[in-house]
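1. What shape does this take:
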Amino acid sequence: MQILLHELKKIFSWKILLLLLLINTILYFLLIEFEIKYFPNGRPDLDLYRVGVEMVEKYGTRIDDHEFADFEKIYEEKKEEASRYLQSRKEFVDAGMGTYDAFRNYDRNNKEQEELYDKIIFEEGIDLFWELEAREYLIEVFYEKKTERDFESYTDNPNKQQNARFHEIKEKEKYQIYPDVAFTNFKTFFSYVAVIVIFSVVLAISPIFINDRSWQLLDLQYTTKKGRNLYKTKIAAGLIAAFLVITMLLIIYCSLYSLNNTSMFFGVSINAFTHKFHWYDLTFFQYIALTIIAIYILGFIVALLAMSFSTIMPNYVSLVGIQIPIIIAFITLEVYYLIVRIIDLFIPQWIVPTMYSFLVLVSAMFLVYLWKREKNRDIVM
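-> Numbering: from 1, shown residues only. As a prediction, the model looks like this:
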């Protein structure tokens with residue numbers, strides 16, 4: 001246990017901790033800050049978010065036909081309110097835009113009407129008109145998904161499993177009605193968190209073996225059986241260190257994410273959000289838990305690979321050189337499929353579990369092979 005603690009202290013040296021702080025600070029301002037500071041990001045996202053909050057508070061986490069009829073009734077009442085507002089402004093009445101329908105369907109070839117439309121929407125930014133557009137969008141999506149029978153409109157050349165899943169969703173009347181502003185923000189936010197976790201784990205774990213080699217400690221350690229067994233202790237220390245790094249980062253970034261105030265959507269099914277369908281009927285909160293588990297697995301895979309490369313690379317230059325393409329691949333491919341699209345119906349159901357299994361198996365087998373090699377490695381004195 002003392003040796004394990006000693007190895008952990010070596011991993012979390014003040015230089016590494018300072019570097020982790022620096023990297024996370026830089027990546028926070030490059031990637032994360034925007035998703036916190038500008039959520040919801042302008043209009044119509046702000047209005048969709050507000051309408052979505054109102055829907056959850058009034059109808060709960062699932063809307064039936066009766067509740068949707070009430071939603072449409074409110075929309076009609078808001079239209080009447082908008083028409084009364086337009087009637088109160090002479091320039092809109094004179095331009096033939098005295099009702100909301102006339103305003104909404106203005107003649108785009110009429111310069112006066114176009115300028116008046118832009119004045120309400122963009123210059124004055126009247127909330128009522130933005131809210132009406134948000135409600136219109138949700139109503140259109142609801143009827144489109146409810147009456148749609150052709151899965152081809154969702155994805156090209158769907159396989160049998162995708163078609164079956166799509167029709168299962170339709171038969172259970174899990175219509176898409178809730179705005180996906182919060183859900184999309186979460187997926188973007190945590191894709192960046194996954195990137196930061198990858199960088200941080202690689203940074204913390206990579207020196208674990210190469211430091212001993214540069215200090216020529218292995219020649220002393222490997223002269224005894226107990227010294228060779230230190231390899232297993234270092235692997236354990238590396239995995240524990242990776243767990244601690246991932247956990248601390250997730251605590252920090254989950255706390256930051258909570259500032260976006262999306263908890264009211266946690267009970268909503270992810271298949272009830274507009275835009276995307278998924279293989280499983282998870283709630284938003286369950287999807288968050290799944291994403292966190294996925295980040296842990298991805299972090300451990302990266303840790304295993306980092307320890308493997310630290311074992312075989314002769315110096316820091318070669319270590320950095322071999323890990324750069326690996327990190328780029330993880331960021332561009334693995335994060336996209338294994339985090340952002342983890343249960344997306346657009347991706348065949350078998351791909352993500354297969355990719356995770358393959359990466360875990362390969363990284364673990366590679367490290368086991370290197371451990372066996374180290375056990376029998378000759379020491380040249």
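
2. wait, what's in contact with residue 282?
-> 269-270, 290, 343 (C-beta atoms under 8 Å, 6 or more residues apart in numbering). For glycine as for every other residue, the C-beta is placed from the backbone atoms N, C-alpha and C.

3. mind putting those in JSON lines, secondary structure and distance to residue 185 included?
-> Below are the contacts of residue 282 laid out as JSON lines (DSSP: H, G, I helix; E, B strand; the rest coil; distance: C-beta to C-beta, whole Å):
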{"residue": "269", "secondary structure": "strand", "distance to residue 185": "17"}
{"residue": "270", "secondary structure": "helix", "distance to residue 185": "13"}
{"residue": "290", "secondary structure": "helix", "distance to residue 185": "17"}
{"residue": "343", "secondary structure": "coil", "distance to residue 185": "18"}
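
4. Residue 312 - nearest residue in space that isn't next to it in sequence?
-> Leaving aside its sequence neighbours, residue 312 sits nearest to residue 370 (C-beta to C-beta, 6 or more residues apart in numbering; 6.7 Å).

5. okay, now the one you found: neighbour count?
-> 20 (other C-beta atoms under 10 Å).

6. same deal with residue 246?
-> Count around residue 246 with other C-beta under 10 Å applied: 23.

7. How far off centre is the one helix or strand it maps to?
-> Under the criterion of DSSP states H and E, residue 246 resides in helix 230-257. Mean-position distance between helix 230-257 and its chain equals 20 Å (C-alpha atoms, centre = their mean, to the nearest Å).

8. Name the residues of that helix that are buried.
-> Buried residues in helix 230-257, defined by neighbour count with 16 or more other C-beta atoms under 10 Å: 230-231, 234-235, 237-242, 245-246, 249-250, 253, 256-257.

9. Quick one: low-confidence residue ranges for the stretch 51-200 of the chain.
-> Scanning the stretch 51-200 of the chain for pLDDT under 70 picks out 144-157, 173.

10. Quick one: the helices in it, in order.
-> In the stretch 51-200 of the chain, helices defined by DSSP state H, counting those that start in this stretch lie at 65-87, 90-94, 100-104, 111-118, 127-147, 160-171, 181-205, listed in chain order.

11. Relative to residue 277, which of the ones you listed is closest?
-> Between residue 277 and the helices of the stretch 51-200 of the chain, the shortest gap by C-beta to C-beta is with helix 160-171, which sits at 6.2 Å.

12. so what pLDDT did the residue nearest to residue 312 get?
-> Here the pLDDT value assigned to residue 370 is 71.

13. quick one: contacts of the one helix or strand it maps to?
-> Secondary structure assignment for residue 370, by DSSP H and E: helix 351-375. The contact list for helix 351-375 (C-beta under 8 Å, 6+ apart) reads 222, 228, 231-232, 235, 294, 297, 300-301, 304-305, 307-308, 311-312, 334, 337-338, 341-343.

14. Just flag the most distant two among the contacts of residue 282.
-> Maximum distance among the contacts of residue 282 (C-beta to C-beta): 13.6 Å, for 269 and 290.

15. For those two, indicate the residue with more neighbours.
-> Each of residue 269 and residue 290 has its neighbours counted (other C-beta under 10 Å); residue 269 has more, 20 against 16.

16. who's the more buried one bridged to?
-> residue 283 (DSSP bridges).

17. surely residue 237 meets residue 11?
-> Yes: if you go by C-beta atoms under 8 Å, residue 237 and residue 11 touch, sitting 6.3 Å apart.

18. anything in contact with each of the two?
-> Residues within reach of residue 237 and of residue 11 at once, by C-beta under 8 Å, 6+ apart, are residue 208.

19. How about residues contacting stretch 164-180?
-> Residues contacting stretch 164-180 (C-beta under 8 Å, 6+ apart): 48-49, 51-52, 55-56, 63, 68, 134, 138, 141-142, 145-146, 151, 154, 158, 265, 268-269, 271-277, 279, 281, 345, 349.

20. try it again with 7 Å
-> 48-49, 51-52, 55, 63, 68, 138, 141-142, 145-146, 151, 154, 268-269, 271-275, 277, 279, 345 (C-beta atoms under 7 Å, 6 or more residues apart in numbering).

21. Whichever of the residues you listed end up buried, select them in ChimeraX.
-> Burial among the contacts of stretch 164-180 is assessed by 16+ other C-beta under 10 Å; the matching ChimeraX selection reads:
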select :48,49,51,52,55,63,68,138,141,142,145,151,154,268,269,271,272,273,274,277,279,345
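
22. of the helices of the stretch 51-200 of the chain, which approaches residue 25 most closely?
-> By C-beta to C-beta (comparing all of the helices of the stretch 51-200 of the chain), the closest turns out to be helix 181-205, at 10.6 Å.

23. where does stretch 260-267 sit relative to the chain's centre, distance-wise?
-> With C-alpha atoms, centre = their mean, you get 15 Å for stretch 260-267.

24. Stretch 299-310 now?
-> 22 Å.

25. now stretch 343-356
-> 16 Å.

26. what does the average pLDDT come to for that stretch?
-> So the average pLDDT for stretch 343-356 ends up being 87.

27. Can you get me the start-to-end distance on it?
-> 13 Å (C-alpha to C-alpha, to the nearest Å).

28. The helix holding residue 370 vs helix 230-257, what angle?
-> 150 degrees (axes from the mean of the first three to the mean of the last three C-alpha atoms, to 10 degrees).

29. burial of the spatially closest residue to residue 74 that is not a sequence neighbour, as a residue count?
-> Using C-beta to C-beta, 6+ apart and skipping residues adjacent in sequence, the residue nearest residue 74 is residue 135, 7.6 Å away. Residues lying near residue 135 (other C-beta under 10 Å) number 22.

30. hang on, residue 135 packs against residue 77?
-> No: between residue 135 and residue 77 there is no contact, the gap being 10.6 Å when judged by C-beta atoms under 7 Å.

31. So what touches stretch 324-336?
-> By C-beta under 7 Å, 6+ apart, stretch 324-336 touches 191, 194-195, 198, 202, 298, 302, 305.
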